[in-house]
Every structure is written in C-alpha cells, then in structure tokens.
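**Student:** got a predicted model here, sequence first, then my questions.
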Amino acid sequence: MIKKQITMEDRLENISIAEQIASHRAIIDKIRGGMNQVIVGQGHLVDSLLISLLSGGHILLEGVPGLAKTLAIRTLSQLLDGKFSRIQFTPDLLPADVIGTMIYSQRESNFQVKYGPVFANFVLADEINRAPAKVQSALLEAMQEKEVTIGDKTYNLPDPFLVLATQNPIEQEGTYALPEAQVDRFMLKVIIDYPSLDEEQLIIRENLRNQLPVVEPVVTASEIADARNMVQEVYVNKKIEKYIANIVAATRYPSRYRLNELEGLIAYGASPRASINLAKASRAYAFIKGRAYVVPEDVREVAHDVMRHRIGLSYEAEAVGTGTEEIISKIINKVEVP
C-alpha cells in the first residue's frame, strides 16, 4: 500500500503544470454546467464569480433588479456545498446585525457570542449603498482581514469566503455612496447587462414551467483549495508583469503613454492594489481557459472589471460625458502589447 502511494506521488511530480491544470479544470466545467442549469446567459457574470472564487477576491455587482444576481450567488453556494447568507442593507442596519454581538445568557449567567450572517462561505450584501458608513466599514473590514472582532475576541471567517455586494445604479435617494478607499477593496466591479432577446425568451419558457432544476453539490471545499493552489502555479512572464504595470501607470500619468487627451479627465489613477488584482484576475482567467501561462488577451479581458472602480473622474470628464469604460479602452489600445 505504501509502495503504491509513493509511486503515485512520483508520477504526479513528473506531470507538467499544464497537465495538472487540465485535470483540475474539470472543477470549472462542473461549476459552469451547474450554473447553466439555472442561469440563462450571463456568461460574463459566471466567469467573474469563478475568477473571484479562484483568486480569493470579492465582487461588487451593479445592475438593475431582476438580472439574476441573487440567484447566481445562491446557485454557486449550492454547487460548492457552502453556507450562504444574504444581508439586506437598510438605513437602520447596525454593525452588530452584520458581524454579530455578545448576548447575556440568564441560564449560563455569562455572555455568549451570537454570530452574524457574515459567518458564511458566500455572503450576498444586497444594496450595500443603502446602509450607513459604519455598517459598510464593518463588512469591508471583514472582507479585508477575513476575521471579525466581537467583544474582546477575534474570530476567523470560514474558507472560502466570498462577498458579492450589489448596488442599484438607478436609485440614488436614501443611499450612502461607498467611499473610494472602501470600493478599492473589491477585486472586481462587474456591470450586469440585460439578456439578449433569445435568452429572454428562454427565461420566460423556463419560468412558465414553474419548476427550477434541483442543484446538487458537485465540488468540495478541498477541491476548491486544490484549484486555488494550481492557479498559483500559472506562469506570469516578466513582460506580462510590465504590461500590467504600464496599464495601471497610464491611469496616473497619461501623457507618458501619449494619451494627452486623458490628462484633464482623470482626477486620480489606480493604486498598486489594481496592479496586484489585475495580475491575480488574469492568472485565474488563464486557468479557466485551460492555460498554464498568462497572455496579453487575459489581461485585456479582465482589465475593465478590475479597474473601472479605481479611476476617479474629474469634473471635466463628467461635463463632456467621458466615462471610465472609455478611458480604460483607450489605455488598453494605446499601451504597447508585449
């Protein structure tokens, strides 16, 4: 028995990284297949969820109600056999409602911890911009540190831990805009668009049946941990690193990259956290596509989602109607590709 185990380990050591990634990619196919049973279209949303899951980042989703944001994260949690919780953010919400608090037990004659909904693998923070700053800070601190302090003790959050926050772009009354420093903690900001006409027809047909498919767990936590370890093995060439650094630097010093037309449109550029997350997201995207190395197309594919919430627009940009999407596109098209 021992001899056989050693032989298997020796064989695994001889398998190339590319072959190992190909074998682990079956996990992605299982998750995508399960998502497609329930979610019609929204391929970009599914890819973004997979990128964040494999990279350990969090997502901020922006889209009008009814675009399957809640259904997507609930389905993902069911496929991964994870604990799911939903927090509906409202103006009267308190930090204790999110992270938990200490409650006095008369039976035990002592204080006991009541864990909040943040103690889950997948947390849906619905309409995060409806809660005051102190509640937003409580959640965002938990996202950054992956631990919370209740009373005088610190508690680790479960692994994997993924926060999917949503905000409605059309309603501004009674909302508290997320400060730039807090928005920066989200790895991706994804804009959810309407489905195509054919997809909407299929959505109608599926819902008229009044019977959603039963979702069964297809991936274990240990398999996700293995896949994350394999993502770490995806090769990022020094030229790709420089390409990423140049894209981010172009948001700070446009004139250095012959983008003089953007000089007065950007109030502040992306931080080094943008470079880190762009590299991580590119690596995860390469893994999803079954490659053991990152190519420039991977960087270009994830650049908008990583950077759209990290660039500050000037009053001039708002006056002429120039948005972050246009600025990022111009930068990507101008920066030299390795």
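**Tutor:** Good, I have the coordinates.
**Student:** domain map for this structure?
**Tutor:** Split into domains by automatic domain parsing, the chain comes to 15-211, 234-334.
**Student:** between those domains, which gets nearest to Ala225?
**Tutor:** domain 15-211 (7.7 Å; Cβ to Cβ). Using the backbone N, CA and C atoms, a C-beta is placed for each residue, glycine as well.
**Student:** quick check: mean pLDDT of that closest one?
**Tutor:** Model confidence over domain 15-211, given as mean pLDDT, is 83.
**Student:** how far away from the center of its chain is it?
**Tutor:** Chain-centre distance of domain 15-211: 8 Å, with Cα atoms, centre = their mean, to the nearest Å.
**Student:** returning to what we had before: for the domains of the chain, which one sits closest to Arg228?
**Tutor:** domain 15-211 (5.8 Å).
**Student:** tell me which residues in the helix or strand containing Asp198 are buried?
**Tutor:** According to DSSP states H and E, Asp198 maps onto helix 197-208. By neighbour count on 16 or more other Cβ atoms under 10 Å, the buried set for helix 197-208 is Ile203.
**Student:** same thing with stretch 17-33?
**Tutor:** Gln20, Ile21, His24, Arg25, Ile27, Ile28, Lys30, Ile31, Arg32.
**Student:** before we move on, what about stretch 109-127?
**Tutor:** Buried-residue list, stretch 109-127, by 16+ other Cβ under 10 Å: Gly116, Pro117, Val118, Phe119, Ala120, Asn121, Phe122, Val123, Leu124, Ala125, Asp126, Glu127.
**Student:** in contact with Ala292, which residues?
**Tutor:** With contact set as Cβ atoms under 8 Å, 6 or more residues apart in numbering, Ala292 has these partners: Ser16, Ile17, Ala18, Ile21, Glu233, Val234, Tyr235, Ala286.
**Student:** let's go with 6 Å and repeat that
**Tutor:** Going by Cβ atoms under 6 Å, 6 or more residues apart in numbering, Ala292 touches Ile17, Ala18, Ile21.
**Student:** the buried residues of stretch 109-127 into CSV, with extra columns for distance to Ser271?
**Tutor:** Shown next, in CSV, are the buried residues of stretch 109-127 (distance: Cβ to Cβ, whole Å):
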residue, distance to Ser271
Gly116, 29
Pro117, 30
Val118, 25
Phe119, 29
Ala120, 29
Asn121, 28
Phe122, 27
Val123, 24
Leu124, 26
Ala125, 22
Asp126, 27
Glu127, 26
